[in-house]
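Trainee: sequence-free structure coming up:
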Ligand SMILES: [Zn+2]
């Protein structure tokens with residue numbers, strides 16, 4: 001039995017979640033739902049990174065204790081599961097989950113036992129926004145290329161991880177595709193990072209600089225484990241790595257796929273640091289690293305630390321879960337950036353969900369109610385000769401959809417996958433206009449009318465099934481609208497996807 005472990009990154013909780021993170025959650029959810037629907041075992045894992053120094057600074061600014069602050073803020077992230085209709089199996093919180101600290105300590109000890117951790121004096125330029133050191137060459141005019149802030153000069157004695165020892169092995173795993181990085185541009189970027197030379201990196205900081213927040217280095221209480229080591233560890237700790245439990249075996253060691261979803265800004269950590277740490281600890285490496293781009297809102301970068309905010313809660317409250325998920329899946333190009341505007345979301349939802357899908361199902365059920373007393377199915381759609389010739393384009397869309405969806409999701413191309421579902425609706429709407437069932441009814445052509453209505457009901461049922469991983473809520477409504485009751489009658493037509501306004 002194929003089993004897949006699908007993870008999102010765990011965000012810092014220093015500010016409210018934004019639409020860019022909702023994108024990652026929804027993509028992971030689609031993969032999880034789709035793989036479950038084809039009979040795979042799936043575990044969909046998400047969580048929050050509570051141990052960042054950014055959280056400490058945000059708590060100080062808010063004048064509350066760090067634990068109080070992260071508890072309240074993390075709830076805003078884990079709470080997204082409901083408005084976004086996420087089928088998440090587990091949420092880990094790094095500051096309070098008892099599995100986490102013990103697991104991070106085990107990961108540390110495993111690498112230490114391999115001789116891959118050592119102490120040395122270090123001076124470097126640290127961006128708290130990124131939670132990473134930069135070399136002078138990596139800065140843009142002395143400033144963080146991501147945040148535009150001047151990094152802090154940090155001089156202290158830290159623990160280092162022997163990344164350099166694993167450069168060749170990580171490179172070979174990526175080059176061979178054993179670690180598949182998509183899209184290819186990101187794979188090349190990871191290879192270029194390695195080819196540029198990998199230096200050992202600092203994996204702890206003084207407890208003082210960490211304001212006493214975080215996981216102490218085992219056996220060295222004056223040092224706190226680097227937040228990225230701590231955060232990356234969540235992918236294992238959530239599987240009871242500390243206790244070497246059954247979950248670890250099932251979802252990591254012997255899983256068919258270990259799929260990490262992440263944004264392009266954290267590629268280095270997932271594609272280079274994380275596989276090296278895993279190799280050192282004697283664990284399997286990820287099979288898939290799936291990288292998405294950034295969202296902008298009206299051309300401004302959406303980020304927690306500033307600029308536009310596109311709040312997923314507010315968007316779902318205003319436009320509904322289906323419309324928000326549909327925009328994220330239909331308009332964000334594979335692995336690339338996209339610009340969000342509420343106007344685009346509304347237009348896309350009205351054009352395709354309301355006018356396209358919703359209207360189609362409503363029309364078909366209304367016709368069946370009017371001409372056949374709501375009785376369906378009317379004729380076996382598979383009966384030879386029962387399908388009027390002009391249904392060829394619709395039949396082609398129906399037949400090709402499962403394969404197109406499977407292939408697109410294997411490529412992590414959510415736009416292409418949803419396009420295959422949309423094509424069924426588009427062709428079915430065209431078919432209604434072409435076959436003109438109302439004329440067949442008027443002409444008393446009962447057999448042809450039955451055949452046409454049967455083709456259409458079958459298409460609507462297929463849409464309900466194929467749409468399920470993408471829009472689980474709308475798909476459930478469509479399926480229930482198109483499923484006859486015990487008496488063989490369809491439910492009375494009700495609006496499924498009403499028009500929304502900006
Ligand atoms: Zn930065």
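Mentor: Yes, it's here. For clarity, every value in this text was computed on a predicted model and none was experimentally measured.
Trainee: from here on, contacts and neighbour counts on C-alpha atoms
Mentor: Fine.
Trainee: output the lowest mean pLDDT helix or strand found in the protein.
Mentor: In the chain, the helix or strand scored least confidently by mean pLDDT, DSSP states H and E is strand 306-307, which has a mean of 51.
Trainee: all helices of the stretch 1-150 of the chain, in order?
Mentor: 19-37, 53-62, 66-78, 98-113 (DSSP state H, counting those that start in this stretch).
Trainee: whoops, I mixed them up, the stretch 351-500 of the chain
Mentor: 359-372, 392-410, 414-435, 437-442, 446-467, 472-481.
Trainee: surely residue 25 and residue 10 touch.
Mentor: No. Look at residue 25 against residue 10 with C-alpha atoms under 8 Å: they stay out of range, at 10.3 Å.
Trainee: who's more crowded, those two?
Mentor: Each of residue 25 and residue 10 has its neighbours counted (other C-alpha atoms under 10 Å); residue 25 has more, 26 against 23.
Trainee: please report the distance of the more buried one from the ion.
Mentor: 23 Å (C-alpha to the ion, to the nearest Å).
Trainee: so who does the nearest residue to that residue once chain neighbours are set aside touch?
Mentor: Distances taken as C-alpha to C-alpha, 6 or more residues apart in numbering place residue 8 nearest to residue 25, at 6.5 Å, with adjacent residues excluded. With contacts defined as C-alpha atoms under 8 Å, 6 or more residues apart in numbering, residue 8 is in contact with 24-25, 28, 45-47, 260-262.
Trainee: can you say which of these are buried?
Mentor: Taking 16 or more other C-alpha atoms under 10 Å as the criterion, what is buried in the contacts of residue 8 is 24-25, 28, 45-47, 260-262.
Trainee: ok, those residues vs the ion, which is closest?
Mentor: residue 262 (17.1 Å; C-alpha to the ion).
Trainee: now do the phi/psi pair for the closest one.
Mentor: With angles defined as degrees, to the nearest 10, residue 262 sits at phi -160, psi 160.
Trainee: distance-wise, check the closest residue to it other than its chain neighbours relative to residue 180.
Mentor: Nearest non-adjacent residue to residue 262, counting by C-alpha to C-alpha, 6+ apart: residue 291, 5.1 Å away. Distance, residue 291 to residue 180, by C-alpha to C-alpha, to the nearest Å: 11 Å.
Trainee: who's more crowded, those two?
Mentor: residue 291 (26 against 19).
Trainee: so where is the stretch 201-350 of the chain shaky, pLDDT-wise?
Mentor: 302-309 (pLDDT under 70).
Trainee: what about the strands in it?
Mentor: 201-202, 204-206, 216-217, 220-225, 257-263, 288-292, 295-297, 300-303, 306-307, 338-340 (DSSP state E, counting those that start in this stretch).
Trainee: most tightly packed of the ones you listed?
Mentor: Greatest average neighbour count among the strands of the stretch 201-350 of the chain goes to strand 288-292 (a mean of 24), per mean count of other C-alpha atoms under 10 Å.
Trainee: which secondary structure elements does it sit against?
Mentor: Helices and strands touching strand 288-292, by 3 or more C-alpha pairs under 8 Å, 6 or more residues apart in numbering; DSSP states H and E, are strand 180-182, strand 257-263.
Trainee: helices or strands up against the first one?
Mentor: Think strand 180-182. Contact partners of strand 180-182 among helices and strands, from 3+ C-alpha pairs under 8 Å, 6+ apart: strand 288-292.
Trainee: quick one: contacts of the strand it packs on?
Mentor: Residues contacting strand 288-292 (C-alpha under 8 Å, 6+ apart): 24, 179-183, 186, 257-264, 267, 270-271, 334-337, 412.
Trainee: and that strand with helix 19-37, angle?
Mentor: Here strand 288-292 runs at an angle of 140 degrees relative to helix 19-37 (axes from the mean of the first three to the mean of the last three C-alpha atoms, to 10 degrees).
Trainee: so how far is strand 288-292 off the chain centroid?
Mentor: 10 Å (C-alpha atoms, centre = their mean, to the nearest Å).
Trainee: equivalent analysis for stretch 170-188, please.
Mentor: The answer for stretch 170-188 is 20 Å, by C-alpha atoms, centre = their mean.
Trainee: closest to residue 105 out of the strands of the stretch 201-350 of the chain?
Mentor: If you check each of the strands of the stretch 201-350 of the chain against residue 105 by C-alpha to C-alpha, strand 216-217 wins as the nearest, at 7.5 Å.
Trainee: dump the residue contacts of the residue in the chain that the ion sits nearest to.
Mentor: Closest to the ion within the chain is residue 130: 4.0 Å, counting by C-alpha to the ion. Listed by C-alpha under 8 Å, 6+ apart, the contact partners of residue 130 are 146-147.
Trainee: can you do 10 Å?
Mentor: 54, 144-147, 151, 228, 265-266 (C-alpha atoms under 10 Å, 6 or more residues apart in numbering).
Trainee: which of these are close to the ion?
Mentor: Applying C-alpha under 5 Å from the ion, the subset of these adjacent to the ion comprises 144, 146-147.
Trainee: can you lay out the helices and strands packed on strand 288-292 as CSV showing distance to residue 475?
Mentor: Shown next, in CSV, are these (distance: least, C-alpha to C-alpha, whole Å):
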stretch, distance to residue 475
strand 180-182, 29
strand 257-263, 25
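Trainee: so which of the ones you listed gets nearest residue 355?
Mentor: strand 257-263 (32.5 Å).
Trainee: adjacent strands (with direction) for the closest one?
Mentor: Within its sheet, strand 257-263 is paired with strand 3-7 (parallel), strand 288-292 (parallel), according to DSSP bridges.
Trainee: centre of the chain to the first one, how far?
Mentor: The gap between where strand 3-7 is centred and where its chain is centred comes out at 12 Å by C-alpha atoms, centre = their mean.
Trainee: surely residue 363 touches residue 493?
Mentor: Yes. Using C-alpha atoms under 10 Å, residue 363 is in contact with residue 493, at 8.3 Å.
Trainee: can you work out which residues contact both of the two?
Mentor: In contact with both residue 363 and residue 493: residue 369, using C-alpha under 10 Å, 6+ apart.
Trainee: any idea how far residue 467 is from residue 408?
Mentor: On the measure of C-alpha to C-alpha, residue 467 and residue 408 end up 14 Å apart.
Trainee: low-confidence bits of this structure, can you list those?
Mentor: Across the chain, residues meeting the criterion (pLDDT under 70) sit at 302-309, 377-389.
Trainee: near the ion, which residues of it show up?
Mentor: Within the chain, the positions adjacent to the ion are 127, 129-130, 144, 146-147 by C-alpha under 5 Å from the ion.
Trainee: just the buried residues of these.
Mentor: For these, a burial check counting by 16+ other C-alpha under 10 Å picks out 127, 129-130, 144.
Trainee: among these, name the ones in strands.
Mentor: Among these, DSSP state E puts residue 127 in strands.
Trainee: using TSV, lay out the buried ones among the residues of the chain next to the ion together with distance to residue 245.
Mentor: Below are those laid out as TSV (distance: C-alpha to C-alpha, whole Å):
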residue	distance to residue 245
127	37
129	35
130	33
144	41
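Trainee: tell me which of the buried ones among the residues of the chain next to the ion is nearest to residue 223?
Mentor: For those, the nearest to residue 223 is residue 127 (18.7 Å; C-alpha to C-alpha).
Trainee: tell me which residues touch residue 467, please.
Mentor: 34, 417-418, 420-422, 461, 473-476, 478-479.
Trainee: before we move on, the earlier item: ranking the helices of the stretch 351-500 of the chain by burial, who's on top?
Mentor: Of those, the one with the most neighbours on average (mean count of other C-alpha under 10 Å) is helix 446-467, at a mean of 22.
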